[in-house]
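In: predicted structure and sequence below. I'll ask about it afterward.
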Amino acid sequence: MKLTRQKISFSNLWLYGLVGLGALFILLYSVSSGFYHQRLAYQAWVMACQEEEFQNRVWAHRVNSIGKAKEAAGIYRGIEIDVWLTASYHFDVNHSRGESVGLSLAALLTELDEPHRLSYWLDFKNLTRTNLPASITRLQILCKRFGIAKQSVIVESKSHELLRYFSKRGFRTSYYLPTSLLSVVRQKGIGDLSAMEENRLKQLENTIRTGRFDYVSTGSGYQPALEEVIDVKKEILLWTTELKQHSFFDRRKIRSILSQDSRVKVLLTKFSSKFDR
């Protein structure tokens, strides 16, 4: 009987231990979840305290999931989304072609409470002459369906010669500048470029000067190199993968970027979410 009681005692201890671990997990999860939602609320409060110009020019970077879009919609006035046009003529929300989860832009917009209140920067990854007509048609359908003004949508692409067709339909457009060339300029400086690099630079200057698009876009780290070599007459879109709008010290840097050049229309800032992808 003593042995039986001892076995029951050990069994009860094991059961109590499992219950205790479960309770601890629930407690830690609740606390963690509470902190997470408090952080989102704090970010929304910080943004709401900023002046109108700041709120209009600082958007959320890489919002490629429904959860992140819903969170960003409560903080920012504009969001950036990466899209690919599929063979079935739907916009797939995805930064890299091989990482698709089957999320369409339509499905993402459907989950937002008021999609018409946001502005959108669409990084169009695979715009070509072949899919151009379907792309324009699909984007027009989405804008009409969700009540989104075309002027609230920026279509960004490396295929600068095709952007004018979106401009004709009333969308805003931006030429994604070649980072390979800007990297060389930043590294070498204007005086040490090779003849081939100088020729590429002249071609880029001509494209920016004559191109029928509203903006040029690049990473904020390339802005000094851009200013050094090109007298850009168009407005500029920038992004940063480091600076966060709710950080006091980062916000000072953000303001510095915005104030240094009045041509900067939008700066995408880092927005961390548990729904990142």
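Out: That came through, no problem.
In: okay, now residue 135: neighbour count?
Out: If you count neighbours by other Cβ atoms under 10 Å, residue 135 ends up with 24. Glycine gets a C-beta too; all of them are placed from N, C-alpha and C.
In: what's near enough to touch it?
Out: For residue 135, the contacting residues are 85, 124, 127, by Cβ atoms under 8 Å, 6 or more residues apart in numbering.
In: recalculate using a threshold of 10 Å.
Out: Applying Cβ atoms under 10 Å, 6 or more residues apart in numbering to residue 135 gives the contacts 83, 85, 89, 91, 122, 124, 126-128, 155, 157, 162, 165-166.
In: and what of residue 174?
Out: 121-124, 154-157, 160, 163, 213-218, 234-237, 265-266.
In: likewise for residue 48?
Out: Residue 48 touches 55, 75, counting by Cβ under 10 Å, 6+ apart.
In: partner strands of whichever strand or helix holds residue 154, parallel or antiparallel?
Out: Per DSSP states H and E: residue 154 is located in strand 153-157. With DSSP bridges as the test, strand 153-157 is paired with strand 119-124 (parallel), strand 172-176 (parallel).
In: low-confidence ranges, the chain, go.
Out: Within the chain, the stretches with pLDDT under 70 are 1-33.
In: so where do the strands sit in it?
Out: Remark: strands assigned in the chain by DSSP state E are 58-60, 78-85, 91-93, 119-124, 153-157, 172-176, 215-219, 235-239, 264-269.
In: show me what the first one is in contact with.
Out: Contacts with strand 58-60, where a contact means Cβ under 10 Å, 6+ apart, come from 43, 47, 50, 68-69, 71-73, 75-81, 118-121, 154, 237, 239, 243, 245, 251, 254-255, 257-258, 266-271, 273.
In: can you select the buried ones among those for me in PyMOL?
Out: Here is the PyMOL command that selects the buried residues among the contacts of strand 58-60 (16 or more other Cβ atoms under 10 Å):
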select buried, resi 43+47+50+68+69+71+72+73+75+76+77+78+79+80+81+118+119+120+121+154+237+239+243+245+251+254+257+258+266+267+268+269+270+271+273
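In: quick one: the helices in this structure, in order.
Out: With helices called from DSSP state H, the chain shows them at 2-48, 52-57, 66-73, 105-110, 132-146, 163-168, 179-188, 195-210, 223-229, 248-260.
In: just to revisit the earlier point, quick one: closest of the strands paired with strand 153-157 to residue 133.
Out: Closest approach to residue 133 among the strands paired with strand 153-157 is made by strand 119-124 (14.0 Å; Cβ to Cβ).
In: residues in contact with the nearest residue to residue 56 once chain neighbours are set aside?
Out: Of all residues not flanking residue 56 in the chain, residue 77 sits nearest, at 6.1 Å (Cβ to Cβ, 6 or more residues apart in numbering). Counting by Cβ under 10 Å, 6+ apart, residue 77 touches 47, 52, 55-60, 117-119, 152, 266.
In: for residue 77, give its distance to residue 245.
Out: 11 Å (Cβ to Cβ, to the nearest Å).
In: intersection of neighbour lists for the two?
Out: Common neighbours of residue 77 and residue 245 (Cβ under 10 Å, 6+ apart) are 47, 55, 58, 59, 60.
In: pairing partners for the third one in the sheet, please.
Out: Applying DSSP bridges to residue 58 gives these bridge partners: residue 267.
In: picking up where we left off before, how about CSV for the strands paired with strand 153-157, with distance to residue 203 added?
Out: Output for the strands paired with strand 153-157, formatted as CSV (distance: least, Cβ to Cβ, whole Å):
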stretch, distance to residue 203
strand 119-124, 22
strand 172-176, 13
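In: tell me the spacing between the closest residue to residue 79 other than its chain neighbours and residue 192.
Out: Excluding its sequence neighbours, the residue lying closest to residue 79 (Cβ to Cβ, 6+ apart) is residue 63, at 4.2 Å. Using Cβ to Cβ, we find residue 63 at a distance of 39 Å from residue 192.
In: these two: which is more packed in?
Out: Between residue 63 and residue 192, counted using other Cβ under 10 Å, the more crowded position is residue 63 (30 against 10).
In: thought residue 71 was touching that one, still the case?
Out: Yes: if you go by Cβ atoms under 10 Å, residue 63 and residue 71 touch, sitting 8.7 Å apart.
In: what do the two both touch?
Out: Residues touching both residue 63 and residue 71 (Cβ under 10 Å, 6+ apart): 271, 273, 275.
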